[in-house]
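A.B. asks: with the input below, show me the fold.
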Amino acid sequence: MNTIENEVYTKVATALRNQLGEDGIFVTGEYTPTPPSFPCAYISEADNFNAGYDGSNTEVVTGVMYEVEVYTNKLNGKKAEAKGIMAVIDDVMTGLGFTRTMLQQLPNMNDATIFRLTARYTAAVIDNTIYRR
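C.D. replies: Model (predicted):
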């Protein structure tokens, strides 16, 4: 099983903190129903599956899917703020070799005053190298 979650998370989190400042965004790899601060970005490897074996029945190609969620609670400009944060994430993910398969505004069921934007990215991983799917 190829797992690159730590590397992906670190690159995205670093880019966000460089862009927005250390205290400008809360970034997490674990689902947090109520983030301690906003805006918030949640980055997680949502799927990791075998996509190919070699002749000795060893997994050589791993398919991965990452889910990213951005939450913001500004009184005005929530959507613009979320899209700006997602643009930073998208630049990092596509730069790493991922393909964005979804970008969607979803209702935040726990609190409708919070704007939520969700994206999914997929790739194939061979020896910790990311390839577009």
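A.B. asks: can you pull up the most central residue in the chain?
C.D. replies: Among the residues of the chain, the one closest to the centroid is V68, at 3.1 Å (Cα atoms, centre = their mean).
A.B. asks: so that one sits against Y9, correct?
C.D. replies: No: using Cβ atoms under 8 Å as the test, V68 is too far from Y9 to be in contact (10.2 Å). Heads up, the C-betas are built off the backbone N, CA and C, glycines and all.
A.B. asks: which residues do these two both contact?
C.D. replies: Common contact partners of V68 and Y9 (Cβ atoms under 8 Å, 6 or more residues apart in numbering): I43.
A.B. asks: hmm, back to that, which residues does the residue nearest to the centre of the chain form beta bridges with?
C.D. replies: I43, A119 (DSSP bridges).
A.B. asks: residue contacts, it?
C.D. replies: Contact analysis of V68 by Cβ under 8 Å, 6+ apart lists 12, 41-44, 86, 89, 93, 118-121.
A.B. asks: closest to A80 among these?
C.D. replies: Nearest to A80, judged by Cβ to Cβ, of the contacts of V68 is M86 at 10.7 Å.
A.B. asks: is it true that that closest one touches E69?
C.D. replies: No: assessed by Cβ under 8 Å, M86 is found out of contact with E69, at 9.5 Å.
A.B. asks: and the strands in the protein?
C.D. replies: Applying DSSP state E to the chain gives strands spanning 26-28, 40-53, 59-72, 99-106, 115-126, 129-131.
A.B. asks: reformat those strands as CSV; add distance to N18 and mean pLDDT.
C.D. replies: As requested, those are exported to CSV (distance: least, Cβ to Cβ, whole Å; pLDDT from 0 to 100):
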stretch, distance to N18, mean pLDDT
strand 26-28, 11, 97
strand 40-53, 13, 91
strand 59-72, 16, 93
strand 99-106, 21, 96
strand 115-126, 20, 95
strand 129-131, 21, 88
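A.B. asks: so which of those is nearest E5?
C.D. replies: When the strands of the chain are compared by Cβ to Cβ, strand 40-53 sits nearest E5, at 4.2 Å.
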